[in-house]
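Trainee: quick one, what's the 3D model for this:
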Amino acid sequence: MSATVRFEILGPQRAWYDERELDLGPGKQRAVLAVLLLTPGRPVPTAQIVDAVRPDDPPANGSNVVQKYVAGLRRVLEPDRSPRSPGQVLTLTDGGYVLRVPPESVDAVRFERAVRRARRLHSEGQVADAVAVLRSAL
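Mentor: Numbering: from 1, shown residues only. This is a model prediction of the structure:
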């Protein structure tokens, strides 16, 4: 993938393809993306996605519903991909759907890493540096 995709899930859910903000689609499709963004690069079973998106009323055809939202996300996240070619960013594996993006493309991952770094700096007595890292993360 030559273009850069980045995501925000802390606060309003947003995404960019290069410098263009993406329309992530309807609420349930955005919810599927949010579930996948919690573990970028790791498979999420379809049943877990259905549970997260429709916890009180899972549809009987839950896997079909997830497939529909995944197809929509693929169109959004890989706008240059031809419709018949397999997705490179969002793929289906034996373990479930995988969002293949660098973890640092997700703001929550960058924030968690900054907090860990600040804790380490603080424990090393570098309080001012720790504060600076936390301010930058916010």
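
Trainee: quick check: the residue lying farthest from the centre of the chain vs Leu92, distance?
Mentor: Largest separation from the mean C-alpha position in the chain: Gly125, at 34.2 Å (Cα atoms, centre = their mean). Between Gly125 and Leu92 the distance, using Cβ to Cβ, to the nearest Å, works out to 48 Å. For every residue, glycine as well, the C-beta is placed using N, CA and C.

Trainee: got a list of contacts for stretch 87-101?
Mentor: Stretch 87-101 is contacted from outside by 1, 5, 7, 33, 36-37, 40-46, 48-49, 66, 70, 73-74, 77-78, 81, using Cβ atoms under 8 Å, 6 or more residues apart in numbering.

Trainee: repeat for stretch 43-58
Mentor: Under the contact criterion Cβ under 8 Å, 6+ apart, stretch 43-58 has outside partners 28, 31-32, 35-36, 59, 62-63, 65-66, 69, 93-98.

Trainee: any low-confidence regions in this protein?
Mentor: The model of the chain has pLDDT under 70 over residues 1-3.

Trainee: tell me which residues touch the residue nearest to the spatial centre of it, please.
Mentor: When Cα atoms, centre = their mean is applied to the chain, the residue found nearest the centroid is Leu37 (2.2 Å). When contacts are counted by Cβ under 8 Å, 6+ apart, Leu37 is found next to 7, 9, 99, 106, 108.

Trainee: quick one: neighbours of the first one, just the number.
Mentor: By that I understand Phe7. Taking other Cβ atoms under 10 Å as the criterion, the count of residues near Phe7 is 24.

Trainee: isn't it up against Arg14?
Mentor: Yes: counting by Cβ atoms under 8 Å, Phe7 touches Arg14, with 7.3 Å between them.

Trainee: please enumerate the helices of this protein.
Mentor: In the chain, the segments counted as helices under DSSP state H are 27-37, 46-53, 62-77, 107-123, 127-137.

Trainee: out of the ones you listed, deepest packed?
Mentor: Highest mean neighbour count of those: helix 27-37, a mean of 19 (counted as mean count of other Cβ atoms under 10 Å).

Trainee: got the angle for that helix vs helix 62-77?
Mentor: Here helix 27-37 points in a direction 80 degrees away from that of helix 62-77 (axes from the mean of the first three to the mean of the last three Cα atoms, to 10 degrees).
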